[in-house]
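> no sequence on this one, just coordinates:
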Ligand SMILES: NC(=O)C1=CN([C@@H]2O[C@H](COP(=O)(O)OP(=O)(O)OC[C@H]3O[C@@H](n4cnc5c(N)ncnc54)[C@H](O)[C@@H]3O)[C@@H](O)[C@H]2O)C=CC1
Ligand SMILES: O=C(O)C(=O)Cc1ccc(O)cc1
């Protein structure tokens, strides 16, 4: 079995994902030294207060010096700039990875900037919550969740094995996938649900006939579920929409067609069409639960940290 341990791990960005990684790396002793980097001195001070690492830098270049594993945990639109900044300081043989929610764009931004002397192996943990920042993270976040690695032709088999062992030690199940396929799959299972949530909550907010206090007072659990997703970080989701544009637009166009069919069935009182669709979708929910995929990760640690 491959040893998941690294001498020095540098976390570039210390929000929900970076700080969850810091916590699990420390708990599972996956690194001798954890280096924390973020641009803002204030966030870095908070990371220090939370004791998330062993070394702290506002300069990404200083943070990656001598690191064996560099994990870029910033919004996907910032990955190119981070790659440019760290490139001259990377140690030969280091593995550079990321956690971004889109993969083709991250590869296009980072790959040309990184030297040939490093292994570049993009990744995406399918684990998160609507919260952000260093206080929001928790060590259990990745437990029983998938992490998808999307090799970009710049990593050895050994690097894939090592990063797989690392994510498994964080509690994840690991798959490898082609980056474009990743972006299509995630467009439907993650990006579209968030866009729909932002849209429905926006629509409710715009309604003239229903007041805001009624929306709050009478929100049924269905609407509440949407408000959770729609409370996700605006910068992160702006970047996802801009950086997975083609796949999202393709899925949105399929979605709109299907919504029109649903609208027609309601307008014309086609109860059979409605019943058939609702029966088919109920079966999907059941197969997700049967496959053990119904892990309510967003609730993990929430009580302990007092998050809503
Ligand atoms: N939040 C979630 O549920 C999940 C997020 N991701 C991905 O992980 C990455 C990080 O997300 P979170 O940890 O949730 O975000 P976050 O907002 O909690 O933390 C982001 C970190 O990046 C830093 N940052 C922001 N803009 C920057 C810039 N322009 N240059 C350098 N640093 C910058 C911030 O200071 C902060 O340290 C994103 O690419 C996101 O798509 C992946 C899986 C789940
Ligand atoms: O909070 C939720 O339900 C999520 O879906 C979190 C999430 C957000 C972005 C990702 O790329 C992966 C997971």
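Arrived safely, thanks for sending. Predicted, not measured: the structure shown is a model, and the values here were computed from it. Ligands and ions are numbered 1, 2, ... in the order given.

> When you work out contacts or count neighbours from here on, use the C-alpha atoms and nothing else.
Noted.

> any weak-confidence spans in the stretch 1-150 of the chain?
Within the stretch 1-150 of the chain, no stretch has pLDDT under 70.

> Let's see that with 90 instead.
1 (pLDDT under 90).

> Where do the helices of it begin and end?
16-27, 41-49, 60-64, 79-86, 104-110 (DSSP state H, counting those that start in this stretch).

> can you list the residues of the stretch 101-250 of the chain near ligand 1?
101, 124-130, 132-133, 236 (C-alpha under 6 Å from any ligand atom).

> which ones among those residues are found in strands?
Assigned to strands by DSSP state E, the following of those qualify: 124-125.

> right, and the helices of the stretch 1-150 of the chain - which one's nearest ligand 2?
Ligand 2 lies closest to helix 16-27 among the helices of the stretch 1-150 of the chain, at 9.9 Å (C-alpha to the nearest ligand atom).

> Next, the angle from that closest one to helix 41-49.
Angle between the axes of helix 16-27 and helix 41-49 is 30 degrees (criterion: axes from the mean of the first three to the mean of the last three C-alpha atoms, to 10 degrees).

> Endpoint to endpoint, stretch 93-102 covers what distance?
Taking C-alpha to C-alpha, to the nearest Å as the measure, stretch 93-102 stretches 25 Å from start to finish.

> Mind listing what's buried along it?
The neighbour-count check on stretch 93-102 (16 or more other C-alpha atoms under 10 Å) flags 94-102 as buried.

> what's the answer for stretch 159-178, then?
Within stretch 159-178, the residues that count as buried by 16+ other C-alpha under 10 Å are 159-160, 162-174.

> Among these, which lie within helices?
Of the positions in these, 159-160, 162-169 sit in helices, assigned by DSSP state H.

> Make TSV from the helices of the stretch 1-150 of the chain and add distance to residue 118 and mean neighbour count to it.
Formatted as TSV, those follow (distance: least, C-alpha to C-alpha, whole Å; neighbours: other C-alpha atoms under 10 Å):
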stretch	distance to residue 118	mean neighbour count
helix 16-27	21	24
helix 41-49	27	16
helix 60-64	12	24
helix 79-86	12	19
helix 104-110	12	20
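
> I'd like those helices as JSON lines, with distance to residue 247 appended.
JSON lines is the format used below for those (distance: least, C-alpha to C-alpha, whole Å):
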{"stretch": "helix 16-27", "distance to residue 247": "24"}
{"stretch": "helix 41-49", "distance to residue 247": "33"}
{"stretch": "helix 60-64", "distance to residue 247": "31"}
{"stretch": "helix 79-86", "distance to residue 247": "20"}
{"stretch": "helix 104-110", "distance to residue 247": "11"}
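
> These: which one's closest to residue 200?
Smallest distance to residue 200 across these (C-alpha to C-alpha): 25.1 Å, for helix 16-27.

> quick revisit: same list (the ones in helices among the buried residues of stretch 159-178) but as JSON lines, adding pLDDT.
Formatted as JSON lines, these follow (pLDDT from 0 to 100):
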{"residue": "159", "pLDDT": "98"}
{"residue": "160", "pLDDT": "98"}
{"residue": "162", "pLDDT": "98"}
{"residue": "163", "pLDDT": "98"}
{"residue": "164", "pLDDT": "98"}
{"residue": "165", "pLDDT": "98"}
{"residue": "166", "pLDDT": "98"}
{"residue": "167", "pLDDT": "98"}
{"residue": "168", "pLDDT": "98"}
{"residue": "169", "pLDDT": "98"}
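
> Can you give me every residue that contacts residue 2?
161-162, 165 (C-alpha atoms under 8 Å, 6 or more residues apart in numbering).
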